[in-house]
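Student: Following is a predicted model, sequence given first.
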Amino acid sequence: MPLNRTISILSDNRTADPQRFQCEHGLSVLLQTPSAKILMDTGASGLFAANAAQMGIDLSDVDYVFLSHGHYDHTGGLKTFLDLNNKAKIIVSRDAVSGQFCSERGGLHSISSDWPLDQMQGRTIYVEDTIALAEGIHIIARIPGTHPRPMGNRLLTVRSDEGQVPDDFSHEIALYADGLLYTGCAHNGLENILEACPWPVDTVIGGFHLLDSDARHQYESDEQLAVLAGRLAHRCPQVSYYTGHCTGDNAFRILQSVLGSSLQQFSCGQQIFIDLHQRENNMKKIVIIDGGPRPNMNTAQILRKFAEGAQSVSEDIEVKTVRLYDLDYKGCMSCMACKVKGRASNICRFKDPLTPILEEIAQADGLVLGSPVYFGDVTGQMRTFLERLCFPWLSYNDYSLTAPKRMPVVLIETMNGTPERNNSNGYGSMEHCIAAALGTPERLIAYNTYQVKNYDRFELGAFSESAKRNWRDRHWKEDLQKAFDAGRKMAGGVK
């Protein structure tokens with residue numbers, strides 16, 4: 001099993017050595033991890049295979065071929081690959097295969113692929129939602145549009161019954177593998193793709209679709225690019241970026257002027273090695289917020305099991321649990337102190353016993369929120385806590401949401417309802433704030449939990465204690481195991 005994560009650039013617009021490696025308008029990247037060999041996109045033609053041969057790379061043992069979206073410059077070499085490899089699974093959105101994509105740059109023309117459908121039969125995994133492909137490997141779908149998408153998208157369309165309509169890039173997916181995030185062309189926007197990824201990222205690679213302006217077309221200005229780079233540096237200070245293909249040379253220079261050595265440009269024939277054993281584990285502290293009133297009931301038990309899972313990975317990881325019902329605090333006071341000009345803060349400035357907890361969360365590396373569901377919502381204590389946590393993140397200049405740092409988040413709900421009779425609104429609008437500012441959270445729900453330990457003592461005639469017991473006997477251990485596994489996952493352990 002290799003110690004290094006190896007990234008090989010097989011197709012790109014640029015080449016490291018014109019005498020040995022050809023280039024094209026396309027992108028194909030081979031990723032080798034300790035658990036899998038993945039070809040990420042296939043470029044515009046069979047050129048990727050010729051460059052692989054020059055690099056001494058055998059493509060016949062690739063495990064997966066991942067196709068980020070439906071444009072020919074990422075999928076045109078698929079037939080060549082399938083001729084060389086008879087085992088790899090094909091990972092793609094169904095809409096990427098069925099869509100008829102066009103570009104208006106230089107006149108309306110097709111940028112779709114001629115898909116080898118016969119060879120794809122029996123080998124294709126069509127992705128509609130975010131899925132776990134294998135241990136440590138995830139496919140990210142349904143990428144949100146919280147942040148601006150690249151201006152270069154405006155000349156890209158798809159055919160519909162109404163004619164040519166703007167491409168919404170719902171067919172674009174991203175790949176996460178053991179800390180690496182592959183963006184394809186990032187038509188949905190790099191920030192949105194990062195937001196959609198709930199797992200810790202140390203490396204981002206792909207095109208960013210930040211085109212250089214010319215006399216005919218104006219895209220992001222230098223100022224806009226610098227602001228974008230600043231946001232990336234603030235939100236993801238530990239991430240290394242590798243880009244090429246559809247990231248223009250001027251765009252790259254502006255981004256690098258802010259991001260420095262954390263941003264590098266790739267080209268055909270290049271290989272990047274990342275030692276997994278020397279990679280720093282950034283998970284040092286996890287804060288768990290218990291929004292339940294009873295210290296030994298369902299929510300508390302699940303949160304303790306989560307903490308056990310995290311601590312089983314490493315004794316060096318600090319896990320702190322805060323019980324909100326033990327604190328005397330208030331919700332947002334609408335004092336607006338977090339938004340005073342020249343003194344704006346993304347941590348609440350109102351002082352009470354919640355203040356040190358909010359300050360700890362700002363420096364933590366992982367956040368877990370747990371609450372029972374009352375009347376379809378989280379508890380009042382959890383809601384008021386979330387007001388204090390999230391409102392300082394919200395900018396009233398552009399309605400963006402920026403936390404002190406991004407981190408993995410798990411949202412846990414325990415409820416009396418069953419999956420079939422679930423009226424829970426959960427974390428409601430606050431879940432959107434958390435996703436935008438910290439990253440898409442993972443959710444765990446424990447259904448049909450015990451309300452009390454002794455049903456004979458209370459007026460609870462609408463419930464059958466025996467039915468509750470039967471459900472608990474079948475599901476509670478599984479619920480606790482899921483929480484334990486989620487703790488290990490957040491802490492960086494292998495499930």
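Tutor: Cool, the structure landed. Residues are numbered from 1 along each chain as shown.

Student: Report the contact partners of the closest residue to Arg20 other than its chain neighbours.
Tutor: Once flanking residues are discounted, Arg20 sits nearest to Gln54: 5.4 Å by CB to CB, 6 or more residues apart in numbering. Every C-beta, even on glycine, is put in place using the N, C-alpha and C of the backbone. Going by CB atoms under 8 Å, 6 or more residues apart in numbering, Gln54 touches 20-21, 269.

Student: Got phi/psi on Gln54?
Tutor: Backbone torsions of Gln54, given as degrees, to the nearest 10, read phi -60, psi -30.

Student: Run through who's touching stretch 322-336.
Tutor: Contacts of stretch 322-336 (CB under 8 Å, 6+ apart): 287-293, 295, 300, 348-350, 352-354, 357, 379, 381-385, 387-388, 391.

Student: swap that for stretch 409-418, please
Tutor: By CB under 8 Å, 6+ apart, stretch 409-418 touches 198, 292, 298-299, 302-303, 306, 366-373, 378, 422-424, 426-427, 431, 434, 438-439, 441-449, 451, 463, 471, 483, 486, 490.

Student: Give me the buried entries from those.
Tutor: Among those, those classed as buried by 16 or more other CB atoms under 10 Å are 198, 292, 298-299, 302-303, 306, 366-373, 378, 422, 424, 426-427, 431, 434, 438-439, 441-442, 444-449, 471, 483, 486, 490.

Student: What is the longest helix of this structure by residue count?
Tutor: helix 465-491 (DSSP state H).

Student: chain center to that one, what's the gap?
Tutor: Its chain's average C-alpha position is 25 Å from that of helix 465-491, according to CA atoms, centre = their mean, to the nearest Å.

Student: Report the buried residues of it.
Tutor: 468, 471-472, 476, 479-480, 482-491.

Student: now for that helix, which elements pack on it?
Tutor: In terms of contacts (3 or more CB pairs under 8 Å, 6 or more residues apart in numbering; DSSP states H and E), helix 465-491 is packed against strand 285-290, helix 298-311, strand 366-374, strand 409-414, strand 442-446.

Student: Which parts of the stretch 151-300 of the chain are helices?
Tutor: For the stretch 151-300 of the chain, the helices defined by DSSP state H, counting those that start in this stretch occupy 190-196, 222-235, 249-259, 298-311.

Student: Could you identify which of these has the lowest mean pLDDT?
Tutor: Out of the helices of the stretch 151-300 of the chain, helix 222-235 stands lowest, with a mean of 90 (criterion: mean pLDDT).

Student: With only the CA atoms kept, save it in PDB.
Tutor: C-alpha atoms of helix 222-235 as PDB (Å, rounded to 0.1, in the frame of the first residue of the first chain):
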ATOM      1  CA  ASP A 222      -8.600  41.700 -10.600                       C
ATOM      2  CA  GLU A 223     -10.200  43.200  -7.500                       C
ATOM      3  CA  GLN A 224     -12.900  40.500  -7.500                       C
ATOM      4  CA  LEU A 225     -10.300  37.800  -7.800                       C
ATOM      5  CA  ALA A 226      -8.200  39.300  -5.000                       C
ATOM      6  CA  VAL A 227     -11.300  39.400  -2.700                       C
ATOM      7  CA  LEU A 228     -12.100  35.800  -3.600                       C
ATOM      8  CA  ALA A 229      -8.600  34.700  -2.700                       C
ATOM      9  CA  GLY A 230      -8.800  36.600   0.600                       C
ATOM     10  CA  ARG A 231     -12.000  34.800   1.500                       C
ATOM     11  CA  LEU A 232     -10.400  31.400   0.700                       C
ATOM     12  CA  ALA A 233      -7.300  32.300   2.800                       C
ATOM     13  CA  HIS A 234      -9.500  33.300   5.700                       C
ATOM     14  CA  ARG A 235     -11.900  30.300   5.600                       C
END
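
Student: just the angle between it and helix 249-259, please?
Tutor: Computed with axes from the mean of the first three to the mean of the last three CA atoms, to 10 degrees, the direction of helix 222-235 lies at 40 degrees from that of helix 249-259.

Student: starting at the chain centroid, how far to helix 222-235?
Tutor: Distance, centroid of helix 222-235 to centroid of chain: 19 Å (CA atoms, centre = their mean).

Student: now stretch 313-325
Tutor: For stretch 313-325, the distance to the chain centre is 24 Å (CA atoms, centre = their mean).

Student: can you check stretch 83-90 too?
Tutor: 27 Å.

Student: I'd guessed Ser271 sits against Arg5; true?
Tutor: For residue 271 the amino acid is Gln, not Ser. No - the pair Gln271 / Arg5 is not scored as a contact, 11.1 Å apart, by CB atoms under 8 Å.

Student: returning to that earlier point: rebuild the helices of the stretch 151-300 of the chain as a markdown table, extending it with distance to Arg149.
Tutor: Shown next, in a markdown table, are the helices of the stretch 151-300 of the chain (distance: least, CB to CB, whole Å):
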| stretch | distance to Arg149 |
| --- | --- |
| helix 190-196 | 7 |
| helix 222-235 | 12 |
| helix 249-259 | 15 |
| helix 298-311 | 35 |
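
Student: Select, out of these, the one closest to Trp115.
Tutor: helix 190-196 (24.2 Å; CB to CB).
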